[in-house]
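Asks: coordinates only, no sequence provided:
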Ligand SMILES: C[S@@+](CC[C@H](N)C(=O)[O-])C[C@H]1O[C@@H](n2cnc3c(N)ncnc32)[C@H](O)[C@@H]1O
């Protein structure tokens, strides 16, 4: 499968534009509070409370938008897909959030009007240079851009050896999807945007932030079923094959069984988030 074909057939417009994808996509967890608070600690070093305006670009079905609402007077959630925005409005609507359809490269926001702009698991789909120019335009002095993204969700048994065993299991089962991950956008994400030259005075590439959740043990999958690799493997099916590949589930449950956990049990899960923080200081 050539990269050219992938770009043509599996561009974000094709992946994220169907109502079916948006509906299924909605099941994903909201961004955890602990990650947002880390971002806010950085913002508040230079911008005093009360906080006024945040924008979340590439907001999808609103998981990364709704979490900002308690901290800001006004939050804008924006996405190029009308289907995603419809889901966000239906499921994650709050009085101080306004959702809208627009491209990341042309934000309908005034110059210097935004204190925090987030791009959660989304910037790699944008025309990055144009987007970053827009971010500089809309951020106020000392405003912050937070670019972050989530990895696989895994059960946490509190044992480093089991963690390494799980890492190997996830890597093994993600391997068949690799040929379907040839797009430059996915590579950029997997490389944690390290080749992106962020045009800001301060750029902090944070170590991954580990966040914990309570959830069903059976939630663990090597990659979400709506993930890019699954969709491409399934010939562009907007929700991909919902089963984890091969006997992944069986082997995961075998590990759980050694801790007396069955698939329906509620366990602690964890997910690592990559995070880059940028501040515009106009100096
Ligand atoms: C992986 S989803 C992330 C959704 C959400 N931020 C989250 O964390 O759950 C990526 C989103 O980026 C959107 N997107 C892709 N290209 C875009 C562009 N050029 N402008 C705005 N949104 C875009 C897609 O429609 C999709 O909803």
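Replies: Received, thanks. All figures in this text were calculated on a predicted structure; none of them were measured in a lab. Numbering: from 1, shown residues only.
Asks: okay, now the unreliable bits of the stretch 51-200 of the chain?
Replies: 176-183 (pLDDT under 70).
Asks: ok, longest helix in this structure?
Replies: helix 160-174 (DSSP state H).
Asks: show me which residues of that helix are buried.
Replies: By 16 or more other Cβ atoms under 10 Å, the buried positions in helix 160-174 come out as 162, 166, 169-170, 173-174. C-betas here are computed from N, CA, C, even on glycine.
Asks: residue in this protein with the shortest distance to the ligand?
Replies: Closest to the ligand within the chain is residue 60: 2.6 Å, counting by Cβ to the nearest ligand atom.
Asks: so that residue touches residue 84, yeah?
Replies: Yes - counting by Cβ atoms under 8 Å, residue 60 does reach residue 84; the two are 4.8 Å apart.
Asks: if I look at the residue nearest the centre of the chain, how far off is residue 63?
Replies: Note on the chain: the residue nearest the mean C-alpha position is residue 121, at 2.9 Å, using Cα atoms, centre = their mean. As judged by Cβ to Cβ, to the nearest Å, residue 121 and residue 63 stand 9 Å apart.
Asks: for residue 40, same thing?
Replies: Applying Cβ to Cβ to residue 40 and residue 63 gives a distance of 17 Å.
Asks: kindly report the same for residue 162.
Replies: For residue 162, the distance to residue 63 equals 28 Å [Cβ to Cβ].
Asks: again with residue 169
Replies: Distance from residue 169 to residue 63, by Cβ to Cβ: 26 Å.
Asks: got it, and residue 116?
Replies: 16 Å.
Asks: out of those two, which sits in the busier spot?
Replies: Of the pair residue 116 and residue 63, residue 116 is the one with more neighbours under other Cβ atoms under 10 Å, namely 27 against 23.
Asks: am I right that that one is in a strand?
Replies: Yes - counting by DSSP: H, G, I helix; E, B strand; the rest coil, residue 116 is found in a strand.
Asks: need the contact list for the closest residue to it other than its chain neighbours.
Replies: In space, and not counting its chain neighbours, residue 116 is closest to residue 54: 4.3 Å by Cβ to Cβ, 6 or more residues apart in numbering. Going by Cβ atoms under 8 Å, 6 or more residues apart in numbering, residue 54 touches 68, 71-72, 74-76, 114-118.
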